[in-house]
Structures are given as structure tokens and as C-alpha cells.
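Participant: got a predicted structure here, sequence first:
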Amino acid sequence: MARQGYARTFIAIQSLSLATGFFPSEFKKAMVLRPLLKKVELDASQLKQNYRPMSDLPFLTKLLERVVHAIRCMFSWTATI
């Protein structure tokens, strides 16, 4: 029962976002995780440039991203772009 409520809420947010072209700012916020070395052979103690930041986006953002990607792929296939 609760899952259906969440699914309906997500579908409503997704549909509204796609219809209006507005992406909720809450979805844009990422939690920054510990930085990782770019390459194993780089010196970990030397430069900050040797690291790349890792972030964790909310799962609703990733779901909406996949939905938009699927829609764009279907459009490009049917429009023969």
C-alpha cells in the first residue's frame, strides 16, 4: 500500500517536471562523499589535484534521469535522428 503511494507521488513529480521543464532544487543537492584518487599510481599525500570528488545524488534524481534518457532514446529512434 505505501509503495503505491510513493510510486504515485514520484510519477506526479516526474510528470510535472517534464511538463513544465522545472527540476526541483531538492533533487539537485548531492551529498559529497570522501574524495578518491584519480589513478592508483598518483601520490596520495601530495596534491589535492590527484583527487576527484565523489557525490551521491538522491535516488529520485537518478530515476528521473533514467526516465528522461529513455524518452529521449525512444524519440530519437522514432524520429530517425
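Facilitator: Yep, it's here. What you are looking at is a predicted structure, and each value in this text was computed from that prediction instead of being measured.
Participant: from now on I want contacts and neighbour counts done on CA atoms only, so please keep to that.
Facilitator: OK.
Participant: neighbours of L63, just the number please.
Facilitator: L63 has 13 neighbours, counted by other Cα atoms under 10 Å.
Participant: what's the model's confidence in the strand or helix carrying it, averaged?
Facilitator: Following DSSP states H and E, one finds L63 within helix 59-78. Averaged across helix 59-78, the pLDDT comes to 85.
Participant: who are the packing partners of it?
Facilitator: When contacts are defined as 3 or more Cα pairs under 8 Å, 6 or more residues apart in numbering; DSSP states H and E, helix 59-78 sits against helix 25-28.
Participant: which residues sit against the helix it packs on?
Facilitator: L57, P58, L60, T61 (Cα atoms under 8 Å, 6 or more residues apart in numbering).
Participant: let's see 10 Å
Facilitator: For helix 25-28, contacts defined as Cα atoms under 10 Å, 6 or more residues apart in numbering pick out L57, P58, F59, L60, T61, K62, L64.
Participant: got TSV for those, with neighbour count and distance to L33 too?
Facilitator: Output for those, formatted as TSV (neighbours: other Cα atoms under 10 Å; distance: Cα to Cα, whole Å):
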residue	neighbour count	distance to L33
L57	14	10
P58	14	13
F59	10	15
L60	13	18
T61	18	17
K62	13	17
L64	20	22
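Participant: can you name the two of those residues that sit furthest apart?
Facilitator: In terms of Cα to Cα, the contacts of helix 25-28 reach their longest pairwise distance at L57 and L64, which sit 11.5 Å apart.
Participant: in the helix or strand encompassing R8, what counts as buried?
Facilitator: Secondary structure assignment for R8, by DSSP H and E: helix 2-20. For helix 2-20, the neighbour count (16 or more other Cα atoms under 10 Å) marks I13, Q14 as buried.
Participant: pLDDT on that helix, on average?
Facilitator: pLDDT averaged over helix 2-20 gives 81.
Participant: hey, what's the angle from it to helix 59-78? Just curious.
Facilitator: Per axes from the mean of the first three to the mean of the last three Cα atoms, to 10 degrees, the angle that helix 2-20 makes with helix 59-78 is 60 degrees.
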